[in-house]
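# A predicted structure for the sequence below; I have some questions about it.
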Amino acid sequence: MAVRDRMYELTTPEEVAAFFEKNPTCVFFKAGSCHKTTHGFGYVENALKGRKDLHIGVVRVIQSRPASNYITEITGLVHQSPQFILMKDGDAVFDLDNWDITLEALELGLNQHHGRVEHEEDAEFAGNVQPYVTLLEEFVGGKITEKEFEMEWLETFRKDSSLRSAEEFKLLNRLYGDVDEMIVHACSTDLTIGDTTLLERAKELLAELQSRHLPA
């Protein structure tokens, strides 16, 4: 069963309780409201592909705060978002928060508490890329300046909490080399990485997004 077929969005404490009663060994994933969620979920998806018996309860913290608070209550863990929690026979046995959610850390914890599995190919999650495509088209077409594009792109990326595959996150993240660094230091005055200008990279990324026919 694919990861997406084992994933359930939980919006109320009652839904969390019903899911947990049916699946005392499971995963809870608390999704936040920024790109840390997108970044972390791609790793979670990869780590869970071969673990067909693990069902995943996803709670979007901002929209479903009572459900999130209930998970905090039954696990005894301090709330974070994003947050990965592995439950085993009703107990929280392993968890990771924020930037600590990496593929290496997930596999280490899962192997220790849930046993080793062989990696399997699975359909990957894809998010809505239309906002990025629109910005790229406007910039490449000369409708907005480099500075306007940069500000809009970074703000769009920063607020992106879509459940994307690791590959899709990497694709969108590559335009600036390190978006997190750009966000911390606001806007850079040097828009060239190596010998490639921002406009050239934007054209390449737009062509790749269009050729992949990612969902709009």
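Sure, I can see it.
# distance check, the most centrally placed residue in the chain against V16.
Centre of the chain computed as the mean C-alpha position; nearest residue by CA atoms, centre = their mean is T38, 1.9 Å away. Applying CB to CB, to the nearest Å, the value for T38 to V16 is 23 Å. No exception for glycine: its C-beta is placed from N, CA and C like everyone else's.
# repeat that for K49.
Taking CB to CB as the criterion, K49 is separated from V16 by 24 Å.
# more neighbours, those two?
Under the criterion of other CB atoms under 10 Å, the comparison of K49 against V16 puts V16 first, with 24 against 18.
# distance from the strand or helix carrying the residue nearest to the centre of the chain to the middle of the chain?
Secondary structure here is read from DSSP states H and E; on that basis T38 sits in helix 35-48. Helix 35-48 sits 4 Å away from the centroid of its parent chain (CA atoms, centre = their mean, to the nearest Å).
# could I get the pLDDT score of Q130?
The model reports Q130 with a pLDDT of 88.
# what residue ranges in the chain are flagged as low confidence?
Along the chain, segments meeting pLDDT under 70 span 118-126, 177-196, 213-216.
# mind listing what's buried along stretch 161-181?
Counting neighbours by 16 or more other CB atoms under 10 Å, one finds that the buried residues in stretch 161-181 are 161-166, 168-169, 171-173, 175-176, 179-180.
# and the contacts of that stretch?
Stretch 161-181 is contacted by residues 31-35, 37-39, 41-43, 45-46, 58, 60, 103, 124-129, 132, 153-154, 157-158, 160, 182, 193, 198, 201-202, 205, 208-209, 214 when judged by CB atoms under 8 Å, 6 or more residues apart in numbering.
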